[in-house]
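# Turn this into a structure:
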Amino acid sequence: MEENVTPELGAEQMLEAAHAARPEGKKVFVKTYGCQMNVYDSQRMSDALAADGYAPTDRIEEADLVLLNTCHIREKAAEKVYSELGRIRQLKEERGRDGRETVVGVAGCVAQAEGREILRRAPAVDLVIGPQTYHRLPAVVRRALGGEKIVETDYAIEDKFEHLPAPQKKAVRSRGVTAFLTVQEGCDKFCTFCVVPYTRGAEVSRPVAQIVAEAERLAAAGVREVTLLGQNVNAWHGEGADGREWGLGELLFRLAEIPGLGRLRYTTSHPRDMDDALIAAHRDLDKLMPYLHLPVQAGSDRILKAMNRKHTGDDYRRLIDRIRKARPDIAMSGDFIVGFPGETDADFEETMRLVRDVTYAQAFSFKYSPRPGTPGADLDDQVPEGVKDERLQALQALLTEQQRAFAAALVGRTMDVLLEKPGRQAGQRVGRSPWLQPVIVDEKAGEIGDIVSVRIKEAGTNSLFSEPVS
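Numbering: from 1, shown residues only. I've put the predicted structure just below:
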């Protein structure tokens, strides 16, 4: 819920404060933790603040406003924020002695989860703002400049997408030829290990018209690849132009019609929301890249039930079979948690068996970390840290082996690559394969933003090396 340490200003007072406190020529530094959704939110916060005269900077020392956009998925992520705030406090004090004011804010999921506790643990913080209220950020910053300490984490009734300003074309161009676009937020699944339903709220889908309009602006500014974002992105639904209820599959078909967009992706998906229309989009849309991040978390049915995933290991296997039948060249990515409460050696072996059955081009694996307020934190039979470490090392070794095998199988193949940026060495460019790997390309292959055909010569540890194909 929203908490204001001092009473909230009325509408007329806030308007007067906006003009009185409007900064000119000031700079904002935003540090982003966690997922792609936070990257997108950080960009939109910068866009919102630009209207109040704040220019983004990569140098925290020259910032008048410092924002930490935080993640609360794992305990260490939250503690990193408090460590960073300790360093920022010293910077703020040093600048204060020189007569320069620095406003410090905490945004994101740690802000949503901990609220006033942040002000108690880190007195240097001036404002705390949750993910649902970013459209209020400029007004909140103005109030902080007036001396208030603010905690603004109420789930907004109004649609924050409706209130956030559209990114300016110049800002979009400076970000490059790929972009994130949020279409869905929140989660109704309530997995017992996860804080997202408590920090991001219930599942909300962004209207079709807003999504299409933003995608068109991105394409007009030179973006070639758009990744649709959501905590459960494939739970997105909305009324389409034909009056029918659309799912993500229909939305992807509509976005594929936008001139200039050459590639589409989406993340993160839940197995329960993978419907026939979305699988058909993978089959029929060349612009939809053959790469799918579909977390399963564990292979043991007993652990999946304890996690409240509401699918079994074999449900997941059958779903993968359907997807691969529709798109044989698709590569799978996933998330895995080891050491969930009650996980036995036999349960862990079921996870390893599922990984061997599916095979992944890429995956992310973590030790279970109890998050306060989640059902998993209260479960008995917590797994010892040493056991978690051993299991994580074994799982990561298998996933790394599969990732390297997938990359090695691409040697000798011809593929289209989107050129994204200059390489580290002169004469090189870095592109992205359809399966998300970085690809090193000779700069003669094309300009940044081009989609070019290359042949893979070698698979490195983290990149593919290629030669142009005429």
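# Only C-alpha atoms from now on, for both contacts and neighbour counts.
OK.
# residue ranges with poor pLDDT in the stretch 151-300 of the chain?
By pLDDT under 70, the low-scoring segments of the stretch 151-300 of the chain are 155-175.
# mind redoing it with 90?
With pLDDT under 90 as the threshold, the stretch 151-300 of the chain has low-confidence stretches at 152-176, 185-186, 195-202, 241-242.
# Please, where are all the strands along it?
Applying DSSP state E, counting those that start in this stretch to the stretch 151-300 of the chain gives strands spanning 178-182, 184-185, 204-205, 225-229, 237-239, 245-247, 263-267, 291-293.
# again with the stretch 301-450 of the chain
331-338, 362-367, 414-422, 428-432, 438-442.
# Buried deepest among those, which one?
Mean neighbours per residue, mean count of other C-alpha atoms under 10 Å, is largest over these for strand 438-442, with a mean of 23.
# Remind me what the lengthiest helix in the chain packs against, helices and strands.
As assigned by DSSP state H, the longest helix anywhere in the chain is helix 385-409. Judged by 3 or more C-alpha pairs under 8 Å, 6 or more residues apart in numbering; DSSP states H and E, helix 385-409 is in contact with strand 331-338, helix 345-358, strand 362-367, strand 451-459.
# what packs against the shortest one?
The reference is to strand 362-367. Applying 3+ C-alpha pairs under 8 Å, 6+ apart, one finds that strand 362-367 makes contact with strand 331-338, helix 385-409.
# follow-up on the earlier one: present the strands of the stretch 301-450 of the chain as a markdown table; the columns should include mean pLDDT.
Listed next are the strands of the stretch 301-450 of the chain as a markdown table, based on pLDDT from 0 to 100:
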| stretch | mean pLDDT |
| --- | --- |
| strand 331-338 | 98 |
| strand 362-367 | 95 |
| strand 414-422 | 96 |
| strand 428-432 | 96 |
| strand 438-442 | 97 |
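# These: which one's closest to I303?
Nearest to I303 among the strands of the stretch 301-450 of the chain is strand 331-338; the distance by C-alpha to C-alpha comes to 10.1 Å.
# need the contact list for L410.
I456, A459 (C-alpha atoms under 8 Å, 6 or more residues apart in numbering).
# Angles on the backbone of it, please.
The phi/psi pair for L410 (degrees, to the nearest 10) reads phi -90, psi -10.
# any idea where the helices of the stretch 201-350 of the chain begin and end?
With helices called from DSSP state H, counting those that start in this stretch, the stretch 201-350 of the chain shows them at 208-220, 248-255, 276-284, 301-306, 313-326, 345-358.
# nearest to Y291, of those?
Closest of those to Y291 is helix 276-284, at 9.3 Å (criterion: C-alpha to C-alpha).
# So what's the gap between that closest one and the chain middle?
Taking C-alpha atoms, centre = their mean, to the nearest Å, one finds the center of helix 276-284 at 23 Å from the center of the full chain.
# about what we covered before: in a markdown table, list the strands of the stretch 301-450 of the chain along with distance to R356.
Below are these laid out as a markdown table (distance: least, C-alpha to C-alpha, whole Å):
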| stretch | distance to R356 |
| --- | --- |
| strand 331-338 | 12 |
| strand 362-367 | 13 |
| strand 414-422 | 26 |
| strand 428-432 | 26 |
| strand 438-442 | 25 |
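# how many neighbours does the nearest residue to Q112 once chain neighbours are set aside have?
In space, and not counting its chain neighbours, Q112 is closest to G130: 4.7 Å by C-alpha to C-alpha, 6 or more residues apart in numbering. Neighbourhood size, G130 [other C-alpha atoms under 10 Å]: 29.
# tell me the phi and psi of G130?
Taking degrees, to the nearest 10 as the convention, G130 sits at phi -90, psi 170.
# residues in contact with it?
Applying C-alpha under 8 Å, 6+ apart, the residues contacting G130 are A107, G108, C109, A111, Q112, E152, T153, D154, T199.
# Can you go through those residues and name the buried ones?
A107, G108, C109, A111, Q112, E152, T153, T199 (16 or more other C-alpha atoms under 10 Å).
# measure the last one to A113 for me?
Spelled out, that is T199. As for T199, its distance to A113 is 6 Å (criterion: C-alpha to C-alpha, to the nearest Å).
# what does G99 give?
Taking C-alpha to C-alpha, one finds G99 at 33 Å from A113.
# of those two, who's got more company?
Neighbours per residue (other C-alpha under 10 Å) separate G99 from A113, with A113 holding more: 22 against 9.
# Let me know the secondary structure of L49.
helix (DSSP: H, G, I helix; E, B strand; the rest coil).
# Would you check that it makes contact with P138?
Yes. Using C-alpha atoms under 8 Å, L49 is in contact with P138, at 5.7 Å.
# ok, back up a step: using CSV, lay out the strands of the stretch 151-300 of the chain together with mean neighbour count and distance to K80.
Shown next, in CSV, are these (neighbours: other C-alpha atoms under 10 Å; distance: least, C-alpha to C-alpha, whole Å):
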stretch, mean neighbour count, distance to K80
strand 178-182, 21, 25
strand 184-185, 23, 24
strand 204-205, 20, 29
strand 225-229, 23, 25
strand 237-239, 18, 35
strand 245-247, 17, 37
strand 263-267, 21, 25
strand 291-293, 21, 26
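# can you redo the ones you listed as JSON lines with distance to V338?
As requested, the strands of the stretch 151-300 of the chain are exported to JSON lines (distance: least, C-alpha to C-alpha, whole Å):
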{"stretch": "strand 178-182", "distance to V338": "29"}
{"stretch": "strand 184-185", "distance to V338": "26"}
{"stretch": "strand 204-205", "distance to V338": "30"}
{"stretch": "strand 225-229", "distance to V338": "25"}
{"stretch": "strand 237-239", "distance to V338": "32"}
{"stretch": "strand 245-247", "distance to V338": "32"}
{"stretch": "strand 263-267", "distance to V338": "22"}
{"stretch": "strand 291-293", "distance to V338": "18"}
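# Could you check the helices and strands packed on helix 385-409 and tell me which one is nearest A122?
Per C-alpha to C-alpha, nearest to A122 of these: strand 362-367, 27.8 Å.
# For the residue lying closest to E447 once chain neighbours are set aside, give the beta-bridge partners.
In space, and not counting its chain neighbours, E447 is closest to L419: 6.9 Å by C-alpha to C-alpha, 6+ apart. Under the criterion DSSP bridges, L419 forms beta bridges with G431.
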